Structure formats: structure tokens, C-alpha cells
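Asker: Turn this into a structure:
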Amino acid sequence: MSQFDVYNNPSKATRSTYPYIIDVQSHLISGIATRIVIPLVRLRYFENEKMQGLTPEIEYKGESLLLLTPQISSIPTTALKTPIGSLEHYRREIISALDFAITGI
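Answerer: Next up, the predicted model:
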């Protein structure tokens with residue numbers, strides 16, 4: 001498991017709206033049974049609720065998604081199967097959104 005890996009949402013109930021989750025946990029924290037994740041939501045469901053800096057727009061697999069930083073949570077490592085991609089190239093935007101959520105800067 002690597003930071004910024006993308007996984008299919010393991011919840012069938014919410015997968016159509018929140019198709020993916022992204023692992024944001026540092027590789028330095030690997031000995032615990034959970035991972036810190038943020039859901040990615042299809043833009044069409046939250047188009048009017050974008051927040052500058054907090055919910056950056058991300059393009060993945062040709063689709064516009066929002067990183068829902070306010071919905072950060074943890075998930076059991078066992079619920080995460082094989083990663084389907086990486087958003088490492090959005091590292092700056094993701095770290096900035098987390099920083100904004102915590103510090104307001």
C-alpha cells in the first residue's frame with residue numbers, strides 16, 4: 001500500500017456516487033490495522049459544493065471528481081484490495097487540501 005494509491009470504494013451502497021477512495025496515509029505508518037483515506041466523489045453530485053482549496057477537482061480515468069477532504073476517515077486495511085491506480089501526480093493538491101483542513105492555510 002502506498003500513499004496516494006486509488007482503490008475502488010468497497011461499499012456497494014455508495015460506490016455509484018463515491019466510486020473511489022484514495023489512501024493518504026504516510027508509508028511511515030504501516031504497522032497499524034487501518035489506513036487513512038479520502039473519498040473521491042463524482043463532480044456532478046457536488047458541483048455546487050466545491051470549496052476552494054479544500055475539495056480540489058481531480059481528473060481520474062477521464063472523469064471529473066472532487067477530493068472530499070472533509071470526509072477523511074480510516075478504513076480497515078483488509079477492506080482495501082488491489083490498488084487500481086495512483087494520484088501521486090496530484091500530491092501537491094492533496095497535501096494542500098489536508099493542510100487547509102487542519103491549519104486553515
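
Asker: wait, doesn't G85 sit right on D5?
Answerer: Yes: G85 is within contact range of D5, at 7.5 Å (criterion: CB atoms under 8 Å). (Glycine included, C-beta is placed from N, CA and C.)

Asker: neighbour-wise, which of those two wins?
Answerer: More crowded of G85 and D5, by other CB atoms under 10 Å: D5, with 21 against 13.

Asker: secondary structure class for the residue found closest to the more buried one once you drop the neighbours it is linked to in the chain?
Answerer: Nearest non-adjacent residue to D5, counting by CB to CB, 6 or more residues apart in numbering: P83, 3.8 Å away. Here P83 is recorded as coil under DSSP: H, G, I helix; E, B strand; the rest coil.

Asker: which ones are touching P83?
Answerer: Taking CB atoms under 8 Å, 6 or more residues apart in numbering as the criterion, P83 is in contact with 1-2, 5-7, 23.

Asker: do that again at 7 Å, thanks
Answerer: P83 makes contacts with 5-7, as judged by CB atoms under 7 Å, 6 or more residues apart in numbering.

Asker: now do L80
Answerer: By CB under 7 Å, 6+ apart, the residues touching L80 are 1, 7, 35.

Asker: now with 6 Å?
Answerer: Contact analysis of L80 by CB atoms under 6 Å, 6 or more residues apart in numbering lists Y7.

Asker: got the CA positions of whichever strand or helix holds F100 in CSV?
Answerer: Taking DSSP states H and E as the criterion, the element that holds F100 is helix 91-103. Written as CSV, here are the backbone C-alpha positions of helix 91-103 (Å, rounded to 0.1, in the frame of the first residue of the first chain):
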residue,chain,number,x,y,z
ARG,A,91,0.4,15.2,-4.4
ARG,A,92,0.6,18.9,-4.1
GLU,A,93,-3.1,19.5,-4.3
ILE,A,94,-3.9,16.7,-1.9
ILE,A,95,-1.4,17.8,0.7
SER,A,96,-2.6,21.4,0.3
ALA,A,97,-6.2,20.3,0.9
LEU,A,98,-5.2,18.4,4.0
ASP,A,99,-3.2,21.3,5.3
PHE,A,100,-6.0,23.7,4.7
ALA,A,101,-8.4,21.4,6.6
ILE,A,102,-6.1,21.3,9.6
THR,A,103,-4.5,24.7,9.7
